[in-house]
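[1] Following is a predicted model, sequence given first.
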Number of protein chains: 2
Amino acid sequence: MKYVGTALAEMTMPQISPLAGEPIEKHDAERLAGVLKALADPARLRLLSLIQSAPDGEACVCDLTAPLGLSQPTVSHHLRILTESGLLEREKRGVWAYYRLVPSAIGAIADLLTPPRKRGTKRAAR
Amino acid sequence: MKYVGTALAEMTMPQISPLAGEPIEKHDAERLAGVLKALADPARLRLLSLIQSAPDGEACVCDLTAPLGLSQPTVSHHLRILTESGLLEREKRGVWAYYRLVPSAIGAIADLLTPPRKRGTKRAAR
DNA sequence: GGCAGATATGTAGTTGTATCGATGGCCCTG
DNA sequence: CAGGGCCATCGATACAACTACATATCTGCC
(Lines give C-alpha, C1' and ligand atoms only; values in the text may rest on other atoms or scores of the structure.)
Protein backbone atom coordinates (compact mmCIF):
# COMPACT_ATOMS: atom_id res chain seq x y z
CA MET A 1 0.00 0.00 0.00
CA LYS A 2 2.02 2.87 -1.26
CA TYR A 3 1.15 6.51 -1.44
CA VAL A 4 -0.98 7.41 -4.40
CA GLY A 5 0.24 10.20 -6.58
CA THR A 6 -2.41 12.34 -8.19
CA ALA A 7 -5.26 10.17 -7.08
CA LEU A 8 -7.05 13.02 -5.40
CA ALA A 9 -7.92 14.78 -8.62
CA GLU A 10 -9.07 11.54 -10.18
CA MET A 11 -11.35 10.77 -7.29
CA THR A 12 -13.09 14.06 -6.82
CA MET A 13 -14.48 14.15 -10.32
CA PRO A 14 -16.80 11.15 -10.15
CA GLN A 15 -17.21 11.77 -6.40
CA ILE A 16 -16.04 8.48 -5.05
CA SER A 17 -17.14 8.48 -1.47
CA PRO A 18 -17.30 5.72 1.12
CA LEU A 19 -20.51 7.21 2.44
CA ALA A 20 -22.51 7.74 -0.70
CA GLY A 21 -24.81 4.76 -0.67
CA GLU A 22 -23.09 2.13 -2.74
CA PRO A 23 -20.14 0.18 -1.34
CA ILE A 24 -16.95 1.50 -2.88
CA GLU A 25 -14.86 -0.72 -5.06
CA LYS A 26 -11.51 -2.07 -4.09
CA HIS A 27 -9.62 0.15 -6.47
CA ASP A 28 -11.32 3.32 -5.29
CA ALA A 29 -10.72 2.36 -1.68
CA GLU A 30 -7.03 2.01 -2.39
CA ARG A 31 -6.84 5.40 -4.01
CA LEU A 32 -8.66 7.17 -1.22
CA ALA A 33 -6.61 5.33 1.37
CA GLY A 34 -3.46 6.47 -0.38
CA VAL A 35 -4.41 10.12 -0.04
CA LEU A 36 -5.53 9.71 3.54
CA LYS A 37 -2.29 7.94 4.33
CA ALA A 38 -0.42 11.00 3.19
CA LEU A 39 -2.40 12.99 5.74
CA ALA A 40 -2.18 10.45 8.54
CA ASP A 41 1.19 11.43 9.92
CA PRO A 42 1.89 13.90 12.71
CA ALA A 43 4.88 15.44 10.99
CA ARG A 44 2.94 16.01 7.80
CA LEU A 45 -0.06 17.48 9.61
CA ARG A 46 2.24 19.89 11.36
CA LEU A 47 3.89 20.76 8.07
CA LEU A 48 0.53 21.61 6.54
CA SER A 49 -0.36 23.63 9.59
CA LEU A 50 2.93 25.50 9.62
CA ILE A 51 2.74 26.32 5.92
CA GLN A 52 -0.86 27.42 6.19
CA SER A 53 -0.12 29.76 9.07
CA ALA A 54 3.09 31.18 7.61
CA PRO A 55 3.19 34.70 6.17
CA ASP A 56 1.92 34.66 2.58
CA GLY A 57 0.87 31.08 3.17
CA GLU A 58 4.15 29.67 2.00
CA ALA A 59 7.32 28.35 3.57
CA CYS A 60 10.62 26.88 2.49
CA VAL A 61 12.31 23.79 3.89
CA CYS A 62 14.77 25.77 5.96
CA ASP A 63 11.88 27.36 7.87
CA LEU A 64 10.29 24.03 8.67
CA THR A 65 13.06 21.86 10.05
CA ALA A 66 13.48 23.75 13.31
CA PRO A 67 9.79 23.85 14.40
CA LEU A 68 9.41 20.16 13.70
CA GLY A 69 12.69 19.09 15.26
CA LEU A 70 13.37 16.82 12.31
CA SER A 71 16.34 16.64 10.00
CA GLN A 72 16.29 18.34 6.63
CA PRO A 73 16.14 15.09 4.63
CA THR A 74 13.19 13.93 6.69
CA VAL A 75 11.30 17.16 6.17
CA SER A 76 12.05 17.03 2.47
CA HIS A 77 10.75 13.48 2.39
CA HIS A 78 7.45 14.47 3.99
CA LEU A 79 7.04 17.46 1.72
CA ARG A 80 7.54 15.19 -1.23
CA ILE A 81 4.78 12.85 -0.11
CA LEU A 82 2.40 15.75 0.47
CA THR A 83 3.23 17.22 -2.93
CA GLU A 84 2.81 13.93 -4.77
CA SER A 85 -0.56 13.48 -3.08
CA GLY A 86 -1.74 16.79 -4.45
CA LEU A 87 -1.93 18.53 -1.09
CA LEU A 88 1.03 20.86 -1.59
CA GLU A 89 2.52 22.66 -4.55
CA ARG A 90 6.17 23.46 -4.91
CA GLU A 91 7.74 26.54 -6.45
CA LYS A 92 11.44 27.05 -6.64
CA ARG A 93 12.63 30.63 -6.39
CA GLY A 94 16.38 30.99 -6.34
CA VAL A 95 17.88 28.46 -4.01
CA TRP A 96 14.73 28.15 -1.99
CA ALA A 97 11.86 25.78 -2.58
CA TYR A 98 8.60 27.31 -1.44
CA TYR A 99 5.68 25.10 -0.56
CA ARG A 100 2.07 26.20 -0.29
CA LEU A 101 -1.26 24.48 0.17
CA VAL A 102 -3.21 23.51 -2.90
CA PRO A 103 -6.32 25.55 -2.12
CA SER A 104 -9.08 23.01 -2.57
CA ALA A 105 -7.18 19.80 -1.94
CA ILE A 106 -7.93 19.21 1.72
CA GLY A 107 -11.43 20.51 1.26
CA ALA A 108 -11.94 17.88 -1.42
CA ILE A 109 -10.97 15.18 1.03
CA ALA A 110 -13.30 16.66 3.62
CA ASP A 111 -16.11 16.55 1.08
CA LEU A 112 -15.41 12.91 0.32
CA LEU A 113 -15.77 12.16 4.02
CA THR A 114 -18.95 14.19 4.44
CA PRO A 115 -22.06 12.06 4.23
CA PRO A 116 -24.79 13.20 1.87
CA ARG A 117 -27.23 15.35 3.77
CA LYS A 118 -29.63 12.99 5.40
CA ARG A 119 -33.11 14.16 4.88
CA GLY A 120 -35.27 11.05 5.15
CA THR A 121 -33.49 9.71 8.20
CA LYS A 122 -34.11 6.15 7.20
CA ARG A 123 -32.40 4.70 10.23
CA ALA A 124 -34.72 1.81 11.00
CA ALA A 125 -35.33 0.50 14.46
CA ARG A 126 -34.30 -3.05 14.85
CA MET B 1 2.96 6.04 15.78
CA LYS B 2 0.22 3.86 16.98
CA TYR B 3 -3.49 4.18 16.62
CA VAL B 4 -5.17 6.55 19.02
CA GLY B 5 -8.13 5.27 20.93
CA THR B 6 -10.84 7.76 21.74
CA ALA B 7 -8.87 10.73 20.53
CA LEU B 8 -11.60 11.85 18.17
CA ALA B 9 -13.99 12.89 20.88
CA GLU B 10 -11.24 14.74 22.70
CA MET B 11 -10.25 16.63 19.61
CA THR B 12 -13.58 17.77 18.37
CA MET B 13 -14.45 19.62 21.54
CA PRO B 14 -11.74 22.29 21.43
CA GLN B 15 -11.71 22.09 17.62
CA ILE B 16 -8.12 21.22 17.02
CA SER B 17 -7.63 21.81 13.36
CA PRO B 18 -4.51 21.95 11.21
CA LEU B 19 -6.08 24.72 9.19
CA ALA B 20 -7.32 27.06 11.90
CA GLY B 21 -4.67 29.74 11.90
CA GLU B 22 -2.28 28.67 14.60
CA PRO B 23 0.19 25.84 14.00
CA ILE B 24 -1.03 22.77 15.81
CA GLU B 25 0.99 21.31 18.62
CA LYS B 26 2.85 18.07 18.41
CA HIS B 27 0.46 16.27 20.70
CA ASP B 28 -2.62 17.34 18.80
CA ALA B 29 -1.00 16.37 15.52
CA GLU B 30 -0.35 12.90 16.86
CA ARG B 31 -3.94 12.47 17.97
CA LEU B 32 -5.40 13.60 14.68
CA ALA B 33 -2.91 11.49 12.76
CA GLY B 34 -3.94 8.50 14.81
CA VAL B 35 -7.57 8.84 13.80
CA LEU B 36 -6.69 9.51 10.18
CA LYS B 37 -4.47 6.47 10.18
CA ALA B 38 -7.42 4.36 11.20
CA LEU B 39 -9.20 5.66 8.10
CA ALA B 40 -6.24 5.36 5.75
CA ASP B 41 -6.57 1.72 4.87
CA PRO B 42 -8.44 0.26 1.89
CA ALA B 43 -9.92 -2.60 3.87
CA ARG B 44 -11.23 -0.29 6.57
CA LEU B 45 -12.68 2.19 4.09
CA ARG B 46 -14.51 -0.66 2.43
CA LEU B 47 -15.73 -1.88 5.79
CA LEU B 48 -17.16 1.53 6.60
CA SER B 49 -18.74 1.67 3.18
CA LEU B 50 -20.22 -1.81 3.45
CA ILE B 51 -21.66 -1.15 6.89
CA GLN B 52 -23.08 2.19 5.86
CA SER B 53 -24.82 0.71 2.84
CA ALA B 54 -26.10 -2.37 4.62
CA PRO B 55 -29.78 -2.75 5.54
CA ASP B 56 -30.49 -0.90 8.80
CA GLY B 57 -26.96 0.49 8.57
CA GLU B 58 -25.45 -2.35 10.48
CA ALA B 59 -23.58 -5.53 9.71
CA CYS B 60 -21.96 -8.40 11.55
CA VAL B 61 -18.55 -9.87 10.93
CA CYS B 62 -19.88 -12.84 9.04
CA ASP B 63 -21.42 -10.51 6.45
CA LEU B 64 -18.18 -8.67 5.86
CA THR B 65 -15.53 -11.31 5.33
CA ALA B 66 -16.75 -12.47 1.93
CA PRO B 67 -17.04 -9.05 0.22
CA LEU B 68 -13.58 -8.09 1.36
CA GLY B 69 -11.91 -11.37 0.60
CA LEU B 70 -10.12 -11.30 3.92
CA SER B 71 -10.04 -13.83 6.71
CA GLN B 72 -12.32 -13.51 9.71
CA PRO B 73 -9.52 -12.62 12.16
CA THR B 74 -8.31 -9.92 9.82
CA VAL B 75 -11.75 -8.39 9.47
CA SER B 76 -12.20 -8.53 13.22
CA HIS B 77 -8.87 -6.79 13.61
CA HIS B 78 -9.87 -3.92 11.33
CA LEU B 79 -13.23 -3.53 13.01
CA ARG B 80 -11.45 -3.28 16.32
CA ILE B 81 -9.24 -0.47 15.08
CA LEU B 82 -12.23 1.41 13.69
CA THR B 83 -14.14 0.95 16.92
CA GLU B 84 -11.26 2.07 19.11
CA SER B 85 -10.88 5.15 16.93
CA GLY B 86 -14.48 6.08 17.60
CA LEU B 87 -15.67 5.53 14.05
CA LEU B 88 -17.74 2.41 14.71
CA GLU B 89 -19.82 1.20 17.59
CA ARG B 90 -20.26 -2.43 18.49
CA GLU B 91 -23.34 -4.13 19.83
CA LYS B 92 -23.49 -7.78 20.61
CA ARG B 93 -26.82 -9.49 20.07
CA GLY B 94 -26.74 -13.18 20.64
CA VAL B 95 -23.69 -14.69 19.04
CA TRP B 96 -23.41 -11.92 16.51
CA ALA B 97 -21.56 -8.66 16.88
CA TYR B 98 -23.23 -5.86 14.96
CA TYR B 99 -21.25 -2.86 13.90
CA ARG B 100 -22.67 0.49 12.86
CA LEU B 101 -21.23 3.90 12.08
CA VAL B 102 -20.99 6.42 14.87
CA PRO B 103 -23.23 9.03 13.30
CA SER B 104 -21.11 12.15 13.58
CA ALA B 105 -17.65 10.66 13.75
CA ILE B 106 -16.54 10.91 10.16
CA GLY B 107 -18.27 14.23 9.81
CA ALA B 108 -16.22 15.48 12.73
CA ILE B 109 -13.05 14.53 10.91
CA ALA B 110 -14.32 16.23 7.79
CA ASP B 111 -14.94 19.39 9.79
CA LEU B 112 -11.43 19.28 11.21
CA LEU B 113 -10.11 19.17 7.67
CA THR B 114 -12.36 21.95 6.42
CA PRO B 115 -10.76 25.40 6.39
CA PRO B 116 -12.42 27.87 8.76
CA ARG B 117 -13.86 30.09 6.04
CA LYS B 118 -15.90 27.21 4.72
CA ARG B 119 -16.77 25.72 8.05
CA GLY B 120 -20.31 26.24 9.20
CA THR B 121 -21.74 26.58 5.73
CA LYS B 122 -23.62 23.46 4.91
CA ARG B 123 -22.24 21.75 1.90
CA ALA B 124 -24.83 20.92 -0.69
CA ALA B 125 -26.08 17.40 -1.02
CA ARG B 126 -25.09 15.56 -4.11
C1' DG C 1 -23.10 -30.22 30.85
C1' DG C 2 -21.55 -30.47 26.30
C1' DC C 3 -21.67 -29.21 21.50
C1' DA C 4 -21.61 -25.95 17.60
C1' DG C 5 -21.22 -21.59 15.49
C1' DA C 6 -19.61 -16.62 15.70
C1' DT C 7 -15.91 -13.46 17.36
C1' DA C 8 -11.91 -12.22 19.54
C1' DT C 9 -7.07 -12.79 20.73
C1' DG C 10 -2.15 -14.58 20.30
C1' DT C 11 1.78 -15.47 17.49
C1' DA C 12 4.58 -14.87 13.45
C1' DG C 13 6.19 -13.51 8.82
C1' DT C 14 6.36 -10.18 5.30
C1' DT C 15 6.01 -5.71 3.81
C1' DG C 16 5.87 -0.74 4.43
C1' DT C 17 7.39 3.57 6.72
C1' DA C 18 10.06 7.16 9.43
C1' DT C 19 14.29 8.74 10.31
C1' DC C 20 19.08 9.96 9.82
C1' DG C 21 23.92 10.63 7.88
C1' DA C 22 26.30 11.11 3.73
C1' DT C 23 26.34 12.68 -0.82
C1' DG C 24 25.32 15.09 -5.13
C1' DG C 25 23.05 18.78 -7.82
C1' DC C 26 21.71 23.70 -8.21
C1' DC C 27 21.86 28.43 -7.85
C1' DC C 28 23.34 32.58 -6.07
C1' DT C 29 27.29 35.62 -4.67
C1' DG C 30 31.74 37.39 -4.31
C1' DC D 1 34.76 30.46 -11.60
C1' DA D 2 35.15 29.02 -7.07
C1' DG D 3 32.86 28.76 -2.73
C1' DG D 4 28.86 28.29 0.10
C1' DG D 5 24.14 27.59 1.27
C1' DC D 6 19.68 25.16 0.12
C1' DC D 7 17.52 21.13 -1.21
C1' DA D 8 16.75 16.31 -3.11
C1' DT D 9 18.30 11.62 -3.36
C1' DC D 10 20.58 7.29 -1.64
C1' DG D 11 21.58 3.66 1.61
C1' DA D 12 20.85 1.79 6.07
C1' DT D 13 18.24 0.84 10.22
C1' DA D 14 14.54 0.47 13.57
C1' DC D 15 9.81 0.28 14.15
C1' DA D 16 4.91 -0.17 12.86
C1' DA D 17 1.23 -2.42 10.26
C1' DC D 18 -1.36 -6.02 7.38
C1' DT D 19 -2.35 -10.60 6.99
C1' DA D 20 -3.05 -15.42 8.10
C1' DC D 21 -3.15 -19.68 10.98
C1' DA D 22 -4.05 -21.52 15.36
C1' DT D 23 -6.42 -21.06 19.52
C1' DA D 24 -9.31 -19.09 23.11
C1' DT D 25 -13.82 -17.09 24.54
C1' DC D 26 -18.58 -16.43 24.38
C1' DT D 27 -23.47 -17.55 23.43
C1' DG D 28 -27.38 -20.27 22.54
C1' DC D 29 -29.28 -24.80 22.15
C1' DC D 30 -29.98 -29.81 22.87
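    Thanks, I have the structure now.
[2] Give the closest residue to the spatially most central residue of chain A in space, chain neighbours not counted.
    Central residue check for chain A by CA atoms, centre = their mean: the C-alpha nearest the mean position is that of A:L87, 4.5 Å away. What sits nearest to A:L87 in space, not counting adjacent residues and going by CB to CB, 6 or more residues apart in numbering or on different chains, is A:A105, at 4.8 Å. Glycine gets a C-beta too; all of them are placed from N, C-alpha and C.
[3] before we move on, what about A:R100?
    Sequence neighbours aside, A:E58 is the residue nearest to A:R100 in space, at 4.2 Å (criterion: CB to CB, 6+ apart).
[4] pLDDT value on the one you found, please?
    For A:E58, the pLDDT comes out at 96.
[5] next one: A:R123
    Per-residue confidence at A:R123 stands at 37 (pLDDT).
[6] So A:Q15: helix, strand or coil?
    Recorded secondary structure, A:Q15: coil (DSSP: H, G, I helix; E, B strand; the rest coil).
[7] Correct me if wrong: A:L101 contacts A:G86.
    No: using CB atoms under 8 Å, A:L101 makes no contact with A:G86, being 10.6 Å away.
[8] which of those two has more neighbours?
    Under the criterion of other CB atoms under 10 Å in any protein chain shown, the comparison of A:L101 against A:G86 puts A:G86 first, with 24 against 18.
[9] who does A:A97 bridge with?
    A:K92 (DSSP bridges).
[10] hang on, isn't the residue nearest to the centre of chain A packed against A:K37?
    No: with contact defined as CB under 8 Å, A:L87 does not reach A:K37; the gap is 11.6 Å.
[11] residues contacting the closest residue to A:G86 other than its chain neighbours?
    Closest residue to A:G86 apart from its sequence neighbours, by CB to CB, 6+ apart: A:L8 at 4.1 Å. Neighbour list for A:L8: A:35, A:85-87, A:105, A:108-109 [criterion: CB atoms under 8 Å, 6 or more residues apart in numbering or on different chains].
[12] can you do 7 Å?
    In this structure, A:L8 makes contact with A:35, A:85-86, A:105, A:108, judged by CB atoms under 7 Å, 6 or more residues apart in numbering or on different chains.
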